[in-house]
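Chemist: Generate a structure from the sequence data that follows.
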Amino acid sequence: MTDPRFQVELPPAPAGMSDNEWQARLELAATYRMVDHFGWTFIVYNHISLRIPGTDEFLINPFGVRYDEMRATDLIKIDIDGNPLSESEWNVNKAGYTIHSTIHKARPDLHCILHTHEPISQALCAIDSPLIPVTQEGCQFFERTAYHDFEGIVLDGSEGPRLQAALGETNHTLVLKNHGLLTAGPTATWAFVRHYAFIRNAEVQLKAMAADKLNLIPEEIMRKTRQQFEGGDAQANAKVRHPEWPALMRLIDQKDPSWKL
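Modeler: Numbering: from 1, shown residues only. Below is the predicted model:
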């Protein structure tokens, strides 16, 4: 018998909406609520974007809605350039989507992009140091993290080629210097858990640097550990690849189930 604690009852797709789009809406709305739960929000700013499977269409937050009140039906469907494809009383922060569209165009394998101005990662963005993997989870960012210097508010596409060059073909995490953190992945789950792991490693790194007591992990061990995360060995006999995801789904559903509306 399936343990009911692993289940969150989900409503069916609204009339006229595909199951693919509805599942993507639910996944993304849940992610917004998780980001709010961990205090990573900047009121109504920043974005999490998610491609609707099998399409070149994306979902994104309406500009002005807080993350803690985000619902699946609130999300706006857009094209690759941020133009709305669904009706909404809200606008899309098109300027803010510039970074997302640049990455979506360059890396079609990264279906979800999560960008925050969370203070721990911003602190790392503000110092002259790269991310140093000092935790087990931090090793997944070894040779997978790119850096981009601050050039002002990203209001046009002029930085696009430099962002794409920095991210390359294998990086999934982008440190925007003096700006914020961006993580991406094939699903919202991957983008979120990478965000969480980066922030945790950054916090430990900053505290260890303040004490001047960094214990560096050898490169071959970092590479081995990263491959374990990427290959799924870190699942450690869990029922699913990321057992923290259904656990967080239960948490946000218990707090406020309106995200499913």
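Chemist: Stretch 142-154 spans what distance, first to last residue?
Modeler: Across its full length, stretch 142-154 reaches 27 Å between end residues, using CA to CA, to the nearest Å.
Chemist: pLDDT (mean, whole number) over it?
Modeler: For stretch 142-154, mean pLDDT rounds to 93.
Chemist: which parts of it are buried?
Modeler: Within stretch 142-154, the residues scored as buried using 16 or more other CB atoms under 10 Å are Phe142, Arg144, Thr145, Ala146, His148, Val154. Heads up, the C-betas are built off the backbone N, CA and C, glycines and all.
Chemist: Confirm the fourth one sits in a strand?
Modeler: It refers to Ala146. Yes - note on Ala146: a strand contains this position according to DSSP: H, G, I helix; E, B strand; the rest coil.
Chemist: who's it bridged to?
Modeler: With DSSP bridges applied, Ala146 shows beta-bridge pairing to Leu174.
Chemist: mind listing what Glu9 touches?
Modeler: Glu9 is in contact with no residue at all, counting by CB atoms under 8 Å, 6 or more residues apart in numbering.
Chemist: heads up, I number from 52, so please use that
Modeler: Shifting the count to begin at 52 puts that one at Glu60.
Chemist: list the buried ones in the top helix by length along the chain?
Modeler: Counting residues, the longest helix in the chain under DSSP state H turns out to be helix 239-262. Buried residues in helix 239-262, counting neighbours by 16+ other CB under 10 Å, are found at 239-250, 252-257.
Chemist: what's it packed up against?
Modeler: Contacts defined by 3 or more CB pairs under 8 Å, 6 or more residues apart in numbering; DSSP states H and E place helix 239-262 against helix 70-88, strand 98-102, strand 163-167, helix 170-176, strand 231-236, helix 295-306.
Chemist: now stretch 101-120, how far from the chain's geometric center?
Modeler: A distance of 12 Å separates the centroid of the chain from that of stretch 101-120, by CA atoms, centre = their mean, to the nearest Å.
Chemist: End to end on it, go ahead and measure it.
Modeler: The first and last residues of stretch 101-120 sit 18 Å apart, counting by CA to CA.
Chemist: Stretch 128-148 now?
Modeler: The first and final residues of stretch 128-148 sit 13 Å from each other (CA to CA).
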